[in-house]
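Visitor: sequence first, then the predicted structure:
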Amino acid sequence: MTPHNRQLKTLLLRLLLITVLFTLCRALFYCFNYSYFSSISFGELLRILFYGIKFDLPAILIINLPFIILSLLPIRQRELSWFRQTLKLLFLTTNAVALVANCIDFVYFKFTLKRTTADIFAFINTGDDFTRLLPLFIKDYWFLFIFFFVMLWIMIRYFKKAEKTGNTTEELSTLVYFRKHSLIFVLALAFFTILYRGGFQLKPISIITAGQYVSARNIPLLISTPFSIIKTIEQEGIKEVKYFDEQKLQALYSPLHSADTGTFKNMNVVILIMESFSKEYIGGLNNNQGYTPFLDSLMQHSLVFENAFANGKRSMEGIPACVAGIPTLMNEPYITSRYGGNNIRPLAVLLKEKGYNTSFYHAATNGSMGFDNFTKLAGFDNYFGRLEYNNEEHFDGHWGIWDEEFFQYFVKGLDKTQQPFLSAFFSLTSHHPYPVPERYSKLFREGDIPIERSISYSDYSLRKFFQTASRSKWFDNTLFVIVADHTGEAHAPYYSSNVGMFRIPVMFYMHNSDLTGRRKEIVQQIDLMPSVLDYLDYDKDYFAYGESVFDTTANRLAYGFINNNYQLITDKYALQFDGEKPIALYNHLSDSLLQKDIQAKDLKELNYLQDQLKAFIQVYQRSLINNKMY
């Protein structure tokens, strides 16, 4: 073997080493999240591990592109000791970062049920949540460092072994040396380009391509975190699609709502958004197996929707959906996207024009997840956070003020607010690391997973809020809307399915009213805005993506976006769509874990649902891109 061939062999061995470590990460990812992937057979797991390499290579090649170019440059300096040491440092540093990203998703996946995407950078740069929570993450998940340092040790050891294969100096003239190595350089880059693209097809492989190899549910196992981040960085924002002409589009879906013919009611509206309150934790919605005795009792006097869905999996997706009726059908949350500054006329704006006072309460540190800025854009005149509360004795040590104390602060604030008012409250404590005040350490029972005990505390805080609020003069003239921002960590397999992972409580309560009963139709977070306006008999036309729960003629659908795919849920079916074609159609009533794709068996339903979803996507993308959400 000639010296220049040895150099190429050394490079290939080092890239093979990283490929093996990425595959090891995929296996560990599977082990850490076995409950989510438990339906995968051993044969299918091996198949995923094999095809996963195809999706690892683009990420590995991009991460190592500077290393590859410097290793193949047709110059003699690359044989010098200082140059080799620089290459070593570059290789170890960049690939260590990639391995850290993979390791983080071993545990972070259970919260989002998707691989981390490029929006992580927006989260890091929004407020100081990342810097405050990083030490807590390190403390709680210290064991990840064991896996990381073992892989780092392997990388260092075998980097040296591969180095020996190419450690030879060539006795060639400078011109001959340059010619030979230039040819290798060009051919190697051409070969690596083909690997990066995933083959000779027209477009490079992307997250959507993963749907050709596995079901949407298993895409997070097939791809790696670096691949997910790189491919979502490449996305320049949503692109306007045109599935239908204007006449057909209007017939399928319109976000324009007509004025109500009744007399507008000047009643107060309070939206209570409960952190991570999955349907799974609510006894009144889960065969009395839950951790929310107060919420269960309040359901006896409320209008309850048993089949309610979140439009996202994170708080930064849930808040715009709940208070502004805006879903996030893209990888980056609406709040941090390029469309976050669009001209919108959500609920608070419309009610302010009716003379309402508007406020938003969130006990976290001001600036957390950008909610203070977003709620201003959404029409809330006043924001109350940890800074305004101004009593660090009630700081939970992690996120902000304990729920119990901040709920009472909320009541006092409303007591001072002139009616009518619209106020939203976002609870806090039932967020990782799921603390409970020391004085209640023996009051709330442990659950199957840590969050359930914290859910009980937040439910207890909600009880005390209603006890106090019921004595306020504004209470009897107030419509309460109770909803979750998103679901929390799942215990039962169903609540990790692509349908179950979005199931939340939605209920309407008004003291001494006819808002009672239980209804089974599909409801989603973006339906809250038109529902409130409908209940108040709002007398002007307005723009809203959702439909009023009180409109018996409306299509009852729920939209979602996860792992780069769209989803449409009806009372019977769940359609998954990649933007170009259907991926799968499931009957989630008879197939709760979504194991049997029935596209071929029910083409009529498939075509109908596909048209409904396409129409919504077309209107959604057009209104965001053209800044016409009004």
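Guide: Thanks, I have it.
Visitor: give me the contacts around stretch 366-379.
Guide: 123, 126-129, 315-316, 319-320, 323-324, 335-336, 340-341, 344, 346-352, 358, 360, 362, 364, 383, 385-388, 399-400, 424, 426 (C-beta atoms under 8 Å, 6 or more residues apart in numbering). For every residue, glycine as well, the C-beta is placed using N, CA and C.
Visitor: swap in 7 Å and give it another go.
Guide: With contact meaning C-beta atoms under 7 Å, 6 or more residues apart in numbering, stretch 366-379 is reached by 126-129, 315-316, 319-320, 323-324, 335-336, 341, 344, 346, 348-349, 352, 358, 360, 362, 383, 385-387.
Visitor: same check on stretch 50-60?
Guide: Stretch 50-60 is contacted from outside by 15, 18-19, 22-23, 26, 195-196, 198, 205, 210, 213, 222-224, 226-227, 230, using C-beta under 7 Å, 6+ apart.
Visitor: chain center to it: distance?
Guide: 23 Å (C-alpha atoms, centre = their mean, to the nearest Å).
Visitor: where's V100 relative to L144, distance?
Guide: 9 Å (C-beta to C-beta, to the nearest Å).
Visitor: so what's T263 closest to, chain neighbours aside?
Guide: In space, and not counting its chain neighbours, T263 is closest to D537: 6.0 Å by C-beta to C-beta, 6 or more residues apart in numbering.
Visitor: re the thing from before, show me which of the contacts of stretch 366-379 are buried.
Guide: 126-127, 129, 315-316, 319-320, 323-324, 335-336, 344, 346, 348-349, 358, 360, 362, 383, 385-386 (16 or more other C-beta atoms under 10 Å).
Visitor: just the ones of the residues you listed in helices?
Guide: D129, S315, M316, I319, P320, V323, A324, A348, V349, R386 (DSSP state H).
Visitor: between those, which is closest to G579?
Guide: Taking C-beta to C-beta as the measure, P320 is the one of these closest to G579, at 21.2 Å.
Visitor: which residues touch that closest one?
Guide: Here P320 is in contact with I326, T328, Y334, I335, F374 (C-beta under 7 Å, 6+ apart).
Visitor: next: I271.
Guide: Contacts of I271 were listed using C-beta under 7 Å, 6+ apart, and they are C322, V323, A424, V481.
Visitor: my read is it is in a strand, agree?
Guide: Yes - I271: assigned to a strand according to DSSP: H, G, I helix; E, B strand; the rest coil.
Visitor: can you read off the pLDDT for it?
Guide: Per-residue confidence (pLDDT) for I271: 98.
Visitor: what does the one 10 residues further on give?
Guide: The score at Y281 is 97. That number is its pLDDT.
Visitor: neighbours around it, how many?
Guide: Neighbour count for Y281, taken as other C-beta atoms under 10 Å: 34.
Visitor: hmm, who's touching stretch 333-343?
Guide: For stretch 333-343, contacts defined as C-beta under 7 Å, 6+ apart pick out 119, 122, 126, 237, 314, 316-317, 320, 326, 328, 330, 370, 374, 377, 624, 627, 629-630.
Visitor: where's A259, which helix or strand?
Guide: Counting by DSSP states H and E, no helix or strand carries A259.
Visitor: and the angle from the lengthiest helix in the chain to helix 315-324?
Guide: Using DSSP H to define each element, the chain has its longest helix at helix 81-112. Interaxial angle of helix 81-112 relative to helix 315-324 (axes from the mean of the first three to the mean of the last three C-alpha atoms, to 10 degrees): 40 degrees.
Visitor: report all helices and strands that helix 81-112 contacts.
Guide: helix 3-32, helix 42-63, helix 65-72, helix 144-165, helix 225-233 (3 or more C-beta pairs under 7 Å, 6 or more residues apart in numbering; DSSP states H and E).
Visitor: which among those helices is found nearest to V304?
Guide: Closest of the helices and strands packed on helix 81-112 to V304 is helix 3-32, at 35.4 Å (criterion: C-beta to C-beta).
Visitor: in that closest one, what counts as buried?
Guide: For helix 3-32, the buried set under the neighbour-count rule, 16+ other C-beta under 10 Å, comprises 3-4, 6-8, 10-11, 13-15, 17-18, 20-26, 28-30, 32.
Visitor: helix or strand next in line after that helix, which one?
Guide: As assigned by DSSP H and E, the chain's next helix or strand after helix 3-32 is helix 34-37.
Visitor: run the chain-centre distance for stretch 44-64.
Guide: Put simply, stretch 44-64 sits 23 Å off its chain's centre (C-alpha atoms, centre = their mean).
Visitor: just the CA coordinates for that stretch, please, in PDB.
Guide: C-alpha atoms of stretch 44-64 as PDB (Å, rounded to 0.1, in the frame of the first residue of the first chain):
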ATOM      1  CA  GLU A  44     -36.900  -4.800  13.200                       C
ATOM      2  CA  LEU A  45     -34.500  -3.400  15.700                       C
ATOM      3  CA  LEU A  46     -31.500  -4.900  13.800                       C
ATOM      4  CA  ARG A  47     -33.000  -3.500  10.600                       C
ATOM      5  CA  ILE A  48     -33.200   0.000  12.200                       C
ATOM      6  CA  LEU A  49     -29.700  -0.200  13.500                       C
ATOM      7  CA  PHE A  50     -28.500  -1.100  10.000                       C
ATOM      8  CA  TYR A  51     -30.400   1.600   8.100                       C
ATOM      9  CA  GLY A  52     -29.600   4.100  10.800                       C
ATOM     10  CA  ILE A  53     -26.100   4.200   9.400                       C
ATOM     11  CA  LYS A  54     -27.400   5.700   6.200                       C
ATOM     12  CA  PHE A  55     -28.800   8.600   8.300                       C
ATOM     13  CA  ASP A  56     -25.700   8.900  10.500                       C
ATOM     14  CA  LEU A  57     -23.300   9.300   7.600                       C
ATOM     15  CA  PRO A  58     -24.600  12.700   6.500                       C
ATOM     16  CA  ALA A  59     -24.300  14.100  10.000                       C
ATOM     17  CA  ILE A  60     -20.900  12.500  10.600                       C
ATOM     18  CA  LEU A  61     -19.600  13.900   7.300                       C
ATOM     19  CA  ILE A  62     -20.800  17.500   8.000                       C
ATOM     20  CA  ILE A  63     -19.500  17.400  11.500                       C
ATOM     21  CA  ASN A  64     -16.100  16.200  10.300                       C
END
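Visitor: buried residues in it?
Guide: 45, 48-49, 52, 54-64.
Visitor: okay, F543 and Y630: tell me how far apart.
Guide: Distance, F543 to Y630, using C-beta to C-beta: 5 Å.
Visitor: find residues that contact each of those two.
Guide: R345.
Visitor: if I've got this straight, E240 is in a helix?
Guide: No - counting by three-state DSSP, E240 is located in no helix; its state is coil.
Visitor: what about it, neighbour count?
Guide: E240 has 12 neighbours, counted by other C-beta under 10 Å.
Visitor: touching, it and I625? I think so.
Guide: Yes - proximity of E240 to I625 meets the contact threshold set by C-beta atoms under 7 Å, at 5.1 Å.
Visitor: got a list of what G517 touches?
Guide: The contact partners of G517, by C-beta under 7 Å, 6+ apart, come to L303.
Visitor: now the strands for the chain?
Guide: 256-257, 268-274, 303-309, 357-362, 382-384, 421-426, 478-484, 503-509, 517-524, 542-543, 558-562, 565-569, 573-577, 582-587 (DSSP state E).
Visitor: closest to V549 out of the ones you listed?
Guide: Proximity to V549, assessed across the strands of the chain by C-beta to C-beta, is greatest for strand 517-524 (5.5 Å).
Visitor: for the protein, what are the low-confidence residue spans?
Guide: Scanning the chain for pLDDT under 70 picks out 1-5, 76-78, 122-123, 126-127, 162-178, 181, 234-236.
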